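Novice: Dropping the sequence and predicted coords here.
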Amino acid sequence: MKLHHYFFVLIFAFTSKISMAQEGLPIYTDYLTDNYYLIHPSMAGVANCAKVRLTARQQWFGQSDAPKLMTLSVNSRIGDSPSGVGAIAFADKNGYHSQTGAYLTYAHHLMFSRSEVDLNMLSFGLSAGFIQYKLDETTFLFDGPDPIVSGVVESATNFNVDFGFSYQFLDFYAHGTIKNLLKNSGVNNDIEITSNLRRYLLSVGGVLSKYGSEWSYEPSVMFQYKDGTQEALLDINGKVYKSVEFGSIWGGVSYRTSLDGAQYLNSSGTVSSQKLQQISPLLGVNYKQFMFAYTYTYQANSLVFTNGGFHQFTLGFNFNCRRERYDCNCPAVN
């Protein structure tokens, strides 16, 4: 029975790698490190500064072929116009699968404010780009003609687009995005794997503080739904900021849970189920025009490859800054 248990775990891990390998840019908790543009195109150019963000994520330290991700994003307002532009490049590797991609973004911001004191802004954004998928089959067992295993590095490049909106009102915000609007065949055309990579994202939150206080608090939630696999995930987030002479120090925690359970065969031979549960503390500092953040993720499920070892670092730089226009607790804008 223990042999059946481990066999099921291996099958589960392998199929997870296949399904995750061609999903486009993976969504972790890096958006909480002042990087909402990474997942919401409508946030391009929304801030009073142009922003560069570089993230590096390594999963399961000490394990070969473990998932790792690097992203680079930059976005800026076009002069004093109501438009913004941005660009994203990423490289994601997961075992035998890898994907690289690049997107360009255009966003437009409509102001409804009576003056610069009030923040009341509706934004729309569109990103378009290419994703190249690769599947390295050179180390697969291959002893002859096989309709599935070719024994070479399979690759395919697909075009896709993301569309979203953002609404900022005083200290509160809401973002909605549809990612991967088009179908992508990837490199798995001959396998029964969905080509529907469409994902729906909805984020809402706000920043709370007392008048004149150095402390502020930002509760937020993000809901995401994968159309092809009908999976739903919920992030519940909390962040705290402290203003200091050189900028700000901030930290928080994110709790991610799946709204759908997965069944597995446990060591006693009975069928059990579990839901994804991840806890991610994060810590960051804004020093003048620079930003540094660290995020660690702990997986709390009973059946996992390993509980910890999810490390992510974020480096940021703000440039071409204008004065803060709005009297609000809105870090993403001011």
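Specialist: On my side now, so go ahead. Just so you know, these numbers come straight off a predicted model, no measurement behind them. Residues are numbered from 1 along each chain as shown.

Novice: check which helix or strand covers Asn318.
Specialist: strand 310-319 (DSSP states H and E).

Novice: Within the sheet, what are the partner strands of that strand, with directions?
Specialist: Taking DSSP bridges as the criterion, strand 310-319 forms sheet pairs with strand 50-58 (antiparallel), strand 290-299 (antiparallel).

Novice: Just put those in JSON lines and tack on mean pLDDT and distance to Lys179.
Specialist: Where you see a C-beta, it was placed from the backbone N, CA and C, and this is true even at glycine. Shown next, in JSON lines, are the strands paired with strand 310-319 (pLDDT from 0 to 100; distance: least, C-beta to C-beta, whole Å):
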{"stretch": "strand 50-58", "mean pLDDT": "95", "distance to Lys179": "17"}
{"stretch": "strand 290-299", "mean pLDDT": "94", "distance to Lys179": "21"}
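
Novice: mind putting those in TSV, distance to Arg77 and mean neighbour count included?
Specialist: Converted to TSV, those look like this (distance: least, C-beta to C-beta, whole Å; neighbours: other C-beta atoms under 10 Å):
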stretch	distance to Arg77	mean neighbour count
strand 50-58	7	19
strand 290-299	18	18
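
Novice: Is it possible to get those out as a markdown table so that each row also shows distance to Phe159?
Specialist: Below are the strands paired with strand 310-319 laid out as a markdown table (distance: least, C-beta to C-beta, whole Å):
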| stretch | distance to Phe159 |
| --- | --- |
| strand 50-58 | 24 |
| strand 290-299 | 31 |
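
Novice: Looking at those, spot the one closest to Lys183.
Specialist: Nearest to Lys183, of all the strands paired with strand 310-319, is strand 50-58, at 26.9 Å by C-beta to C-beta.

Novice: how about the helices of the stretch 1-150 of the chain, start to end?
Specialist: With DSSP state H, counting those that start in this stretch as the criterion, the stretch 1-150 of the chain has helices at 2-21.

Novice: Of all the strands paired with strand 310-319, which one comes closest to Tyr326?
Specialist: Of all the strands paired with strand 310-319, the one in closest proximity to Tyr326, counting by C-beta to C-beta, is strand 50-58 (17.0 Å).

Novice: can you list the residues that contact the closest one?
Specialist: 28, 30, 33-35, 37-38, 66-77, 291, 309-321 (C-beta atoms under 8 Å, 6 or more residues apart in numbering).

Novice: residue ranges with poor pLDDT in the stretch 101-250 of the chain?
Specialist: 116, 141-148, 150-151, 185-194 (pLDDT under 70).

Novice: Apply 90 and report the result again.
Specialist: Where the stretch 101-250 of the chain drops to pLDDT under 90, the residues are 113-119, 133-158, 183-197, 209-213, 228-230.

Novice: how about stretch 166-181 as PDB, C-alpha atoms only?
Specialist: What follows is stretch 166-181, C-alpha atoms only, in PDB (Å, rounded to 0.1, in the frame of the first residue of the first chain):
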ATOM      1  CA  SER A 166      -8.500  49.500 -12.100                       C
ATOM      2  CA  TYR A 167     -10.500  51.900 -10.000                       C
ATOM      3  CA  GLN A 168      -8.800  54.100  -7.400                       C
ATOM      4  CA  PHE A 169     -11.000  56.100  -5.100                       C
ATOM      5  CA  LEU A 170      -9.300  57.900  -2.200                       C
ATOM      6  CA  ASP A 171      -7.600  55.200  -0.100                       C
ATOM      7  CA  PHE A 172      -9.400  52.300  -1.800                       C
ATOM      8  CA  TYR A 173      -8.900  50.300  -5.000                       C
ATOM      9  CA  ALA A 174     -10.200  47.500  -7.200                       C
ATOM     10  CA  HIS A 175      -8.500  45.700 -10.100                       C
ATOM     11  CA  GLY A 176     -10.000  43.200 -12.500                       C
ATOM     12  CA  THR A 177      -8.000  41.400 -15.300                       C
ATOM     13  CA  ILE A 178      -8.600  38.700 -17.800                       C
ATOM     14  CA  LYS A 179      -5.300  37.000 -18.700                       C
ATOM     15  CA  ASN A 180      -4.500  34.900 -21.700                       C
ATOM     16  CA  LEU A 181      -7.600  35.800 -23.700                       C
END
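
Novice: Do I have it right that Ser258 meets Gln299?
Specialist: No - the pair Ser258 / Gln299 is not scored as a contact, 11.6 Å apart, by C-beta atoms under 8 Å.

Novice: Now for those two: what residues contact both?
Specialist: 276-277.

Novice: so which of the strands paired with strand 310-319 gets nearest Val221?
Specialist: Here strand 290-299 is closest among these (C-beta to C-beta), at 17.6 Å.

Novice: quick check, distance from the closest one to the centre of its chain.
Specialist: 13 Å (C-alpha atoms, centre = their mean, to the nearest Å).

Novice: ok, and what's touching stretch 277-287?
Specialist: Contact with stretch 277-287 is made by 28-29, 32-34, 239, 246-258, 291-301, 310, 314, as judged by C-beta under 8 Å, 6+ apart.

Novice: what about Phe292, distance to Asn196?
Specialist: 37 Å (C-beta to C-beta, to the nearest Å).

Novice: Over to Asn301?
Specialist: Asn301 sits 26 Å away from Asn196, going by C-beta to C-beta.

Novice: Adjacent strands (with direction) for the helix or strand encompassing Pro281?
Specialist: Using DSSP H and E, Pro281 sits within strand 277-287. When pairing is defined by DSSP bridges, strand 277-287 lines up against strand 247-258 (antiparallel), strand 290-299 (antiparallel).
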